[in-house]
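Trainee: Model the structure of this input:
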Amino acid sequence: MTATLSVHGSSSGWQATASFDSAAAAEAFAASFPKSAGLKIHGANATSRAILRGDAVNGGVNETGVRRYQSLIAHAQQLGITIEWHDHATTRIILIPQDEFETAVFGSERIQVT
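Mentor: Numbering: from 1, shown residues only. Prediction:
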């Protein structure tokens, strides 16, 4: 499957998008992921996102949002899909390593949810 998953985020949330030439191609892409990855179709785009802000109920960490990210990335890597992590601190297109993105978005304690 030829696709690039672009991942953007900040400490308040993340969003991943894969764009295609048609809605059918986006649907086929999304069908190759489990529901836990949270992919939705918007025209010719497949997207997944989560707000990470915590509250008193969840102890300050949206564990569902972290698990959705982990599921999406793990399955994309298994499928050999190219993943681009974008620097959250700039509006320019600057790609950064996965570990740098995850530390900036999740912090060291957030990504440990399994």
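Trainee: can you tell me the helix or strand for the residue nearest to residue 39 when sequence neighbours are not counted?
Mentor: Of all residues not flanking residue 39 in the chain, residue 30 sits nearest, at 4.1 Å (CB to CB, 6 or more residues apart in numbering). In short, each C-beta sits where N, CA and C put it, glycine included. Element membership for residue 30, per DSSP states H and E: helix 23-31.
Trainee: what's the helix or strand just after that helix packed up against?
Mentor: Next along the chain after helix 23-31, taking DSSP H and E as the criterion, comes strand 40-42. With contacts taken as 3 or more CB pairs under 8 Å, 6 or more residues apart in numbering; DSSP states H and E, strand 40-42 sits against helix 23-31, strand 45-51.
Trainee: Relative to the shortest one, what are the paired strands and their orientations?
Mentor: If I follow you right, that is strand 45-51. strand 13-19 (antiparallel), strand 40-42 (antiparallel) (DSSP bridges).
Trainee: Tell me which of these sits most buried.
Mentor: strand 13-19 (a mean of 20; mean count of other CB atoms under 10 Å).
Trainee: tilt between that one and helix 23-31?
Mentor: Note on geometry: by axes from the mean of the first three to the mean of the last three CA atoms, to 10 degrees, strand 13-19 and helix 23-31 are set 130 degrees apart in direction.
Trainee: Give me the local confidence score for the residue nearest to residue 39.
Mentor: In this model, residue 30 is scored at 95, pLDDT.
Trainee: Next: the one 3 residues further on.
Mentor: Model confidence at residue 33, expressed as pLDDT, equals 94.
Trainee: What are the neighbouring residues in contact with it?
Mentor: Shown in contact with residue 33 (CB atoms under 8 Å, 6 or more residues apart in numbering): 39, 71, 72, 75, 76.
Trainee: Of those, which is the most crowded?
Mentor: The member of the contacts of residue 33 surrounded by the most neighbours (other CB atoms under 10 Å) is residue 39, with 27 neighbours in all.
Trainee: Model confidence score at it, please.
Mentor: 95.
Trainee: That one and residue 72 touch, don't they?
Mentor: Yes. Under the criterion of CB atoms under 8 Å, residue 39 makes contact with residue 72 at 7.3 Å.
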